[in-house]
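>>> Build me a structure from this.
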Amino acid sequence: QVQLVESGGGLVQPGSSLRLSCAASGFTLDDRPIGWFRQAPGKEREGISSTTTEGLTYYSGSVKGRFTISRDTAKNTVYLQMNTLEPEDTAVYYCAAAAPRARVGMPRVQDYIFWGQGTQVTVSA
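This next block holds a predicted model:
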């Protein structure tokens, strides 16, 4: 069964860090692009970061310089390290997998075919 499971969310204060994990089962993450998205209440789901099979990474302007995406091949897991968190980062965070060898750049919802259930990140004083 194909499954993506996010973890690592929580309630933190502004300026804190979190690391989100996206673990895959039923398929390998190495042969396809992986994206991270988030959705705040009342807003559309937005792509914030992606990593391609060529090792390229992309970040939206709102997270560039603060978030880092990485892969752990041995664990079949992709991470999103989030530093200097701001209240505006509050959202449900999703990871998603594109088709094998898909060519993608900045993450767009329509390019991804498998989705996790999401993990809540709340940044509040």
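>>> Just the pLDDT at the spatially most central residue of the chain, thanks.
When Cα atoms, centre = their mean is applied to the chain, the residue found nearest the centroid is residue 36 (2.3 Å). Confidence at residue 36, expressed as pLDDT, is 98.
>>> Can you tell me who it pairs with across the strands?
According to DSSP bridges, residue 49, residue 95 are recorded as the beta-bridge partners of residue 36.
>>> I'd assumed residue 69 was in contact with it.
Yes: at 6.4 Å, residue 36 and residue 69 qualify as touching, with contact defined as Cβ atoms under 8 Å. (C-beta placed from N, C-alpha, C; glycine too.)
>>> So which residues make contact with stretch 103-119?
Applying Cβ atoms under 8 Å, 6 or more residues apart in numbering, the set of residues contacting stretch 103-119 from outside is 2, 4-9, 20, 22, 27, 33, 35-37, 39, 45, 47-50, 52, 58, 60, 92-99, 102.
>>> ignore the last one, stretch 65-75
Taking Cβ under 8 Å, 6+ apart as the criterion, the residues outside stretch 65-75 that touch it are 23, 29-30, 34, 36, 48-51, 57, 59, 77-85.
>>> As PDB, could you dump the C-alpha coordinates of whichever helix or strand residue 23 is part of?
With secondary structure defined by DSSP states H and E, residue 23 is part of strand 18-25. Provided in PDB are the C-alpha atoms of strand 18-25 (Å, rounded to 0.1, in the frame of the first residue of the first chain):
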ATOM      1  CA  LEU A  18      11.000  22.200  13.900                       C
ATOM      2  CA  ARG A  19      11.900  19.400  11.600                       C
ATOM      3  CA  LEU A  20       9.100  17.700   9.700                       C
ATOM      4  CA  SER A  21       9.500  14.200   8.400                       C
ATOM      5  CA  CYS A  22       7.800  12.500   5.500                       C
ATOM      6  CA  ALA A  23       8.200   8.800   5.500                       C
ATOM      7  CA  ALA A  24       7.100   6.700   2.500                       C
ATOM      8  CA  SER A  25       6.000   3.100   2.400                       C
END
